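Trainee: Let me see the structure of the following:
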Amino acid sequence: MADQLFYEDLKGDKNNYAFPYMYFKNVARHQRMKGVLGVQHFSKRSSLNKSKPHRYFGKNALRRLTKIANTQPLQPLCTETNPLGIYDSSTALYIQGRKAERTNDEQTQGIKELEMSRQTALFNEKLRENPHNVNLWLSFIEHQNSASFSLMENDSDISQSQHKKLGRNLHRRAQLERKVAILDKAIEHNPKSVKLLTARLNIVAEYWDVSTLHQEWRNVLFLNPVSIELWNEYLNFIENNFEGFSVALALKTYASCFQKLLQMQQPSFASHQRPAHLEEFIIDIASRLCSFLRQCGWIEKSVSLSQALLELCFKRPNDISSPLTWLESLWEARVPRTGEVDFIESAVATERQLPIRAVHGIDALEAEDAIITSNQSFPVIWRLIESLRSREHFQACSSSTDCDDEDRFVSFTDLSPYLFIGEKKNHLQFRLLFGCLVSLGIPILPASQAQLFWAPLVLEDNLLRCLANVPKIASLSSSQPNIVNNMSYLTFLRRIVLQTYRLIKQPYQLELALWWLDVERVRIGAIARSSTQVDVKNRWKEAKTWVKAFLKDVSSSDSVTTLLLYNGYAALELQMGNEEEYRKILSQLMKMYSVNPLLVEQEKNPGLKAALIRIWFSYARSLLRCKAQGKPNQQAALAQLVALGAGSTFSDRGTYTPAMLLKAKRKYQAVLQQMNENSIVDKVSENLTFFYPDELVELLGCYSYFLSLTEGCRSAFHMVEQWLVSSQKRDLHFTAEMRYNIEFVKYHIRRECVYVNLLELSSEAREWAKDIQSRLFHDTICTALAEYPDSMQLLTIFINSEERCSMFSGLWNTLTMRAKATQSKSGSRAALAACLALANREEIVKKGEETTFKELPGCSGGTATLYLSYRRKMEHLAEYCVSQYPGRCVTLLWRILMHSAHVAGNPQRCKELFYRAIRDCPTSKDICMDIIQYEPSSLKEVTNLMTEKDLRLRFPLEELELLLETEKEENADGLHQVQIGNKNDSFVDATAYAEALKSLTSESEDNFSEDFQQDSEED
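Mentor: Numbering: from 1, shown residues only. Got it, this is the predicted structure:
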């Protein structure tokens, strides 16, 4: 058989009987040839590796269509080497022994490769000349992505095997290792660069194991112990890394961070140079820790830590040697703390003056019993009681014996690693108070970009939902207490504000009071959007009573404080629609100071001039909103603005003459020109405030409205835009070094306030201006967001703007492009605002469709479908953002996606989104509560995960099972007593008794299907 080339085997392989099919190498595979023999084929894609069909408007599809349209079938050429004309040109040249010429596609490919090589060489040349340019190194890292994958994306017709053959397919692991090698070389030249160190650690996190990654972070921190930015990035890594995350490990990391920072704070610290603004950074880390504990469900620890920090800051005596020992003695004495009833403001008190603190939320058993006896399913009962305890049990117990839950007791030992002794400076005290209040759930207002940049803490999830008109798909319930869902918690926060107001000094006293009045206004607006009319009236009555009492408690002899506080109260009346009361309050304030603001001397009474201009301006705008005989009262508003500019005193019924009109215009121009030339800075502006009126901003607003009423909106817009261009400074960028620069922050606050006034003018002028164009609003908000993309104030205006659909599409597209192009916090905030705007538009379109179907005859059975396109856009944008950093760490984006999947009836996708969300946001308890609401069958799995990650679990499943068994036994005993009492009754039927017993006992069983569906709809 050795001399035979082929032989036949008729026995076969018996091993084939062990498998359901033959071995693939023993089966021949044939490839079917498409097309006509002899015609040159341009498609080089293998039929086995079919790609997805391209859409007709795609670039690759258009390129292929152009090729096919310009291609003519080749006639066979018969030559000596190709007698039948069946060989293509490259084969014929090969037979002749000649080299084939390169095609146009190969030439284009070579040009692209040459361009990439040229760019790489240019980067190398620049880096050799300037190796200390950190941004250039980071740009070179970004260039690696385009150099590795751009050719593959452009040449979609080339198969994967051909990419490997040409050397253009770079494995993901190889690409990451190449980036790490580049960063290692960059770090050699820039060993202290936080950006390079962080970029390297973020890249290696994709293929290193958790223990190695933790050790590398520790090594980097050991080499850079005083780098504040690096500590911030390390805390981000600890909180967002699911594999190694637990609350206990995170708290150990925070303790290590505080230990290192407190060492730097000591005067004996001499091993390294002390970082600038160290006290501010310590306050920021403390505020961040309070927020972290709140997100994980440990509200008692968050509140207790905030109380301890505030008492150390405000009540600490100056003559004690050990402040922590003093605070520990107060803590163990069980005296009322900050925000509690009978709080003692003085640092020293006798034993008779020390009352025992009262803890809220201990007697909440009646509400829990009502939920247990409501005959709902097991998961629904657990979720309701867990949410109830989370909202009510926000105060820590004084001792472990005061409550059944031992975790509610927070000892001083638990807090001592995170306490610090700060300097008693006014701006530091206000910063600590600001951070503690924000960590407790109070929104930052007015939420300008400069304020968010300066703030020690920003809660991305809660801010836009408090400020904007949030649609139903984003109105997600929270298991944590806040200013809307818990009245007891709101009372607690009000006490903190009132108590600390008496301890802090001016001008931060006024700043705190104005901030809280604005919070009350926002809270009333949020309640009005989500509650019934009766509930809104009751809440407004309660808020109005408290605000009036608050104004009496904080009354001051300072005229500026009185004016601004009552102006804030008037804004509350306007929020509820009481425009008459609003104008009445402003009119009384102006009559109290019967003087024209432009005639007030700034040196004698600083701040009075700006306060009076703001109130005068607000009164004039209120007249434009007041419609006389169905039209805005333009003449009355213009009369007030003319009286302000002409130097007249205030009067409810103002009149003007042409001479006064001309005089007012010249006065406005002269004052604004003088302020721009001299750059006047008030004495009050030496301290950083956000609610204090800016004289220049208020005058620009008055003059813009004056011009819009006399000459038209175009003149007003031209004047304001001219000021914005002339006053712009190119060197004031948002960098870490400028964060605590007061002049920098106030410069950007002023510019953003001018943008806000201009946007409000374009919105209000549509009712009374003749030359108004909707394009003005679009251009203004696009320009404002291009300069301040992080501003929640501007994003809120965008969400609440009710423009026509074409205008909305342009605004949304602009915001979406910015969200996708920016890999920073501004990108995630822009994406969040765009999603909320789309959800708002979806509700408007759906309501309009349903109304149309009801009104039109013959369309009563129609189904609204147009709104679904907006939902798909929203889901696509949110999905894109959560796939990238930092959007994947925004909890609200994940919750919106999960809620959308639940509404669409897709439980599988809902659960998939939960696993992705908890991987990127392991600190969020709200995500776990959401999936239990949407998928009740996952209750045990999710609670086990929460226990593993040390998230706060207040209601164990075993406790609920025991309570339900007790309820069943009580029901059974009750029926048994009924049977004994009526055993002699001839009308008692044993069968009916058995059925009744069965129905009662079956109501409390663990049912996960129909009961939950019905109860969740009611919930």
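
Trainee: For the rest of this, base every contact and every neighbour count on C-alpha atoms.
Mentor: Fine.

Trainee: tell me which element T689 falls in.
Mentor: Per DSSP states H and E: T689 is located in neither a helix nor a strand.

Trainee: ok, C921 touching C889?
Mentor: Yes: assessed by Cα atoms under 8 Å, C921 is found in contact with C889 at 5.7 Å.

Trainee: Can you check which residues contact both of the two?
Mentor: Shared contacts of C921 and C889, defined by Cα atoms under 8 Å, 6 or more residues apart in numbering, comprise N240.

Trainee: Grab the nearest non-local neighbour of W331.
Mentor: Nearest residue to W331 in three dimensions, chain neighbours excluded: F412, at 6.8 Å (Cα to Cα, 6 or more residues apart in numbering).

Trainee: Which one's more surrounded, C921 and C889?
Mentor: C889 (26 against 21; other Cα atoms under 10 Å).

Trainee: so what's that one up against?
Mentor: Applying Cα under 8 Å, 6+ apart, the residues near C889 are 240, 882, 920-921.

Trainee: got it, and N145?
Mentor: With Cα under 8 Å, 6+ apart as the criterion, no residue contacts N145.

Trainee: what secondary structure does it sit in?
Mentor: Following DSSP: H, G, I helix; E, B strand; the rest coil, N145 is assigned to helix.

Trainee: let's number from 642 now, not from 1
Mentor: Let's use 642 as the start, then, which means that last one is N786.

Trainee: how far away is it from P1527?
Mentor: From N786 over to P1527 the distance is 19 Å, taken as Cα to Cα, to the nearest Å.

Trainee: ditto for A1284
Mentor: 51 Å.

Trainee: do H784 as well
Mentor: From H784 across to P1527, the span is 20 Å (Cα to Cα).

Trainee: so which strand or helix has Y728?
Mentor: Going by DSSP H and E, Y728 is not in any helix or strand.

Trainee: just the one 3 residues further on next, same as before
Mentor: Secondary-structure element containing S731, defined by DSSP H and E: helix 730-737.

Trainee: Same question for R769.
Mentor: Here R769 sits within helix 745-770, counting by DSSP H and E.

Trainee: do the same with S1235
Mentor: If you go by DSSP H and E, S1235 is not part of any helix or strand.

Trainee: Can you verify my assumption that L777 contacts R769?
Mentor: No: L777 sits out of contact with R769 when judged by Cα under 8 Å, with a separation of 11.0 Å.

Trainee: Give me the pLDDT for M1448.
Mentor: M1448 carries a pLDDT score of 63 in this model.

Trainee: next one: K1487
Mentor: The model's pLDDT for K1487 equals 80.

Trainee: now the one 3 residues further on
Mentor: The score at E1490 is 77. That number is its pLDDT.

Trainee: Can you give the distance of the host helix or strand of it from its chain's centre?
Mentor: Using DSSP H and E, E1490 falls within helix 1466-1496. On the basis of Cα atoms, centre = their mean, to the nearest Å, helix 1466-1496 sits 18 Å off its chain's mean C-alpha point.

Trainee: How about stretch 1129-1137?
Mentor: Mean-position distance between stretch 1129-1137 and its chain equals 24 Å (Cα atoms, centre = their mean).

Trainee: ok, and for that stretch, which residues are buried?
Mentor: Residues of stretch 1129-1137 classed as buried: 1129-1131, 1133-1137 (neighbour count, 16 or more other Cα atoms under 10 Å).

Trainee: how about the CA coordinates for that stretch, as CSV?
Mentor: What follows is stretch 1129-1137, C-alpha atoms only, in CSV (Å, rounded to 0.1, in the frame of the first residue of the first chain):
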residue,chain,number,x,y,z
SER,A,1129,-39.3,65.2,60.1
TYR,A,1130,-36.0,65.3,58.2
LEU,A,1131,-36.9,68.7,56.8
THR,A,1132,-37.6,70.0,60.3
PHE,A,1133,-34.2,68.6,61.4
LEU,A,1134,-32.4,70.5,58.6
ARG,A,1135,-34.3,73.7,59.4
ARG,A,1136,-33.1,73.5,62.9
ILE,A,1137,-29.5,73.2,61.7
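
Trainee: which intervals of the stretch 1492-1641 of the chain have sub-threshold pLDDT?
Mentor: Low-confidence segments of the stretch 1492-1641 of the chain (pLDDT under 70): 1496-1507, 1612-1641.

Trainee: All the helices of the stretch 692-841 of the chain, in order from the start?
Mentor: Under the criterion DSSP state H, counting those that start in this stretch, the stretch 692-841 of the chain carries helices at the ranges 700-710, 730-737, 745-770, 775-795, 801-807, 813-830, 835-845.

Trainee: If you average pLDDT over each of these, which is lowest?
Mentor: Among the helices of the stretch 692-841 of the chain, helix 801-807 carries the lowest mean pLDDT, a mean of 44.

Trainee: if we can go back for a sec, any chance of CSV for the contacts of C1530, columns secondary structure?
Mentor: Below are the contacts of C1530 laid out as CSV (three-state DSSP):
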residue, secondary structure
N881, helix
V1523, helix
D1561, helix
C1562, coil
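
Trainee: re earlier: quick one: which of A1284 and P1527 has more around it?
Mentor: Applying other Cα under 10 Å to A1284 and P1527 shows that A1284 carries more neighbours, namely 22 against 17.

Trainee: The more buried one - that's part of a helix, no?
Mentor: Yes: assessed by three-state DSSP, A1284 belongs to a helix.

Trainee: Convert the C-alpha atoms of stretch 762-782 to PDB, please.
Mentor: Extracted C-alpha coordinates of stretch 762-782, given in PDB (Å, rounded to 0.1, in the frame of the first residue of the first chain):
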ATOM      1  CA  ALA A 762       6.900  60.700  13.900                       C
ATOM      2  CA  LEU A 763       5.700  64.300  14.500                       C
ATOM      3  CA  PHE A 764       4.600  63.400  18.000                       C
ATOM      4  CA  ASN A 765       8.000  61.700  18.700                       C
ATOM      5  CA  GLU A 766       9.800  64.800  17.500                       C
ATOM      6  CA  LYS A 767       7.800  67.200  19.600                       C
ATOM      7  CA  LEU A 768       8.100  65.000  22.700                       C
ATOM      8  CA  ARG A 769      11.900  64.800  22.300                       C
ATOM      9  CA  GLU A 770      12.000  68.600  22.200                       C
ATOM     10  CA  ASN A 771       9.600  69.100  25.100                       C
ATOM     11  CA  PRO A 772       9.400  66.000  27.200                       C
ATOM     12  CA  HIS A 773       7.800  67.900  30.200                       C
ATOM     13  CA  ASN A 774       4.600  68.700  28.300                       C
ATOM     14  CA  VAL A 775       2.100  66.500  30.000                       C
ATOM     15  CA  ASN A 776      -0.800  67.400  27.700                       C
ATOM     16  CA  LEU A 777       1.300  66.400  24.700                       C
ATOM     17  CA  TRP A 778       2.000  63.000  26.200                       C
ATOM     18  CA  LEU A 779      -1.800  62.500  26.900                       C
ATOM     19  CA  SER A 780      -2.500  63.500  23.300                       C
ATOM     20  CA  PHE A 781       0.000  60.900  22.100                       C
ATOM     21  CA  ILE A 782      -1.900  58.300  24.100                       C
END
